[in-house]
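>>> Got a sequence here, can you build the structure:
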Amino acid sequence: MKFELTPRRLALAGALLSSLWLAGCGTSPTAPGAVPGQLSNAVPERGDTNRPRPTPSNATTARDYRKDAARYIYQLNKTRIYEGKLPPMLYAVGTLQVELDGSGKVMSMHWMRAPTHAPEVIAEVEKAVLEASPFPAPTKLGKVTWTDTWLWDEEGHFQLDTLSEGQL
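Predicted structure coming up:
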């Protein structure tokens, strides 16, 4: 049997290789509790499982929902919130989009601006988001993409841009 390289076989081989290459480009969570789009391997710690569900949000726009999500993150991270005006030089700044379903569960994350010089901050932000899930249910929106900028100092305290007290 003689193998002949025809244009049709070349096209089929190219299509197969392209499909395999594209399949390898997708992101899939590797750790239980991780979601698509994460840059770290952060997973939520098994914390207070008796924590009451947050009050549903009455926001009618994603921009309004930002305040409810930010307040909820602050409520769960009271000891990590930077009090007052932030210093003029921040250690890390990152903007993260979080896709939430209608019940407030985190479905995916997408970094619009990742602080790649500080991978520990990326991991801490992702962990904080995963541990906060479920967020206030976006009852009037169905599902929502929450976008906020995380502002970090060198000691690991942060503010969210939505509730920031500004900088010195």
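>>> going forward, measure contacts between C-alpha atoms and count neighbours the same way
Fine.
>>> Residue 57 is in contact with residue 68, correct?
Yes - contact status for residue 68 versus residue 57: in contact at 6.6 Å, counting by CA atoms under 8 Å.
>>> Which one of these two is surrounded by more residues?
For residue 68 versus residue 57, neighbours defined as other CA atoms under 10 Å are more numerous around residue 68 (23 against 19).
>>> Can you tell me the element that one falls in?
Assessed by DSSP states H and E, residue 68 sits inside helix 62-76.
>>> Just the buried residues of the next helix or strand along the chain from that helix, please?
Moving toward the C-terminus from helix 62-76, the next helix or strand (DSSP H and E) is strand 92-100. For strand 92-100, the neighbour count (16 or more other CA atoms under 10 Å) marks 92, 93, 94, 95, 96, 97, 98, 99, 100 as buried.
>>> Report the next helix or strand after strand 92-100 in sequence order.
strand 106-113.
>>> Name the residues of that following strand that come out as buried.
By neighbour count on 16+ other CA under 10 Å, the buried set for strand 106-113 is 106, 107, 108, 109, 110, 111.
>>> Please apply the same query to stretch 43-63.
In stretch 43-63, counting by 16+ other CA under 10 Å, buried: 43, 44, 54, 57, 59.
>>> Present the buried residues of strand 92-100 as TSV; the columns should include distance to residue 72.
Below are the buried residues of strand 92-100 laid out as TSV (distance: CA to CA, whole Å):
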residue	distance to residue 72
92	21
93	20
94	19
95	17
96	16
97	16
98	14
99	16
100	14
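>>> These: which two are farthest apart?
Maximum pairwise distance among those (CA to CA): 24.5 Å, between 92 and 100.
>>> Do you know the pLDDT at the residue nearest the centre of the chain?
Centroid-nearest residue in the chain: residue 109, 3.3 Å away (criterion: CA atoms, centre = their mean). If you check residue 109, the pLDDT there is 97.
>>> Equivalent analysis for residue 53, please.
Per-residue pLDDT puts residue 53 at 84.
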